[in-house]
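1. okay, predicted coordinates and the sequence, questions at the end:
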Amino acid sequence: MRIDDPASWIPHRPPILTVDAVEVDEPGVKGRGLRRFAAGDPWLTGHFPGNPVVPGVALIEGAAQTAAIVLLAARGKGGGGFLADVSKFRFKAPVIPPADVVFEIAVAGVFGALCKVSVRVLAGGVPVAEGELVLSASPQ
């Protein structure tokens, strides 16, 4: 299942919407988010002038948004939630725009309203970051 309009699934809007599309391999279990970072992206205006680098926080946010959509796909409808924890995140290389970034996520466990996911981030097919996130479902 491919979702080309992430804003129809999660409440994020530009400039904080950091995923262009999500490919759900298995709803609620695993998938990939896709994002093309361009030198003119609002994220990069001041990071760093004349030498843009995609901030690590943008990579974490893209992974969290991808994870939320993969989880919501199991319910078959959009919703909300919050990033509850970021752990064991390591950045292996800077992401220099223009860059095609893939956020690979796999659910590691669900504990009530909390969900732990493993994340791997690739730019141009090369691993640039990895770690774990915990997402919390929005009470609804």
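-> Right, received. Where do you want to start?
2. not counting sequence-adjacent ones, nearest residue to Asp25?
-> The shortest distance from Asp25 to any non-neighbouring residue, by C-beta to C-beta, 6 or more residues apart in numbering, is to Gly31 (5.2 Å). (C-beta placed from N, C-alpha, C; glycine too.)
3. tell me the first helix or strand C-terminal of the helix or strand harbouring the one you found.
-> Using DSSP states H and E, Gly31 maps to strand 30-37. Helices and strands here follow DSSP H and E; after strand 30-37, the next one along the chain is helix 56-73.
4. can I get whichever helix or strand comes after that next one in CSV? Just the C-alpha atoms.
-> Scanning forward in sequence from helix 56-73, with DSSP H and E defining helices and strands, the next element found is strand 81-91. Once side chains and other backbone atoms are set aside, the C-alpha atoms of strand 81-91 remain, and they are given as CSV (Å, rounded to 0.1, in the frame of the first residue of the first chain):
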residue,chain,number,x,y,z
GLY,A,81,-0.2,10.8,18.4
PHE,A,82,3.0,12.0,19.9
LEU,A,83,6.7,11.2,19.9
ALA,A,84,7.3,9.9,23.4
ASP,A,85,11.0,8.8,23.3
VAL,A,86,14.1,8.9,21.1
SER,A,87,16.8,6.5,22.1
LYS,A,88,20.0,4.9,20.8
PHE,A,89,20.0,7.3,17.8
ARG,A,90,23.3,7.4,15.9
PHE,A,91,24.1,9.6,13.0
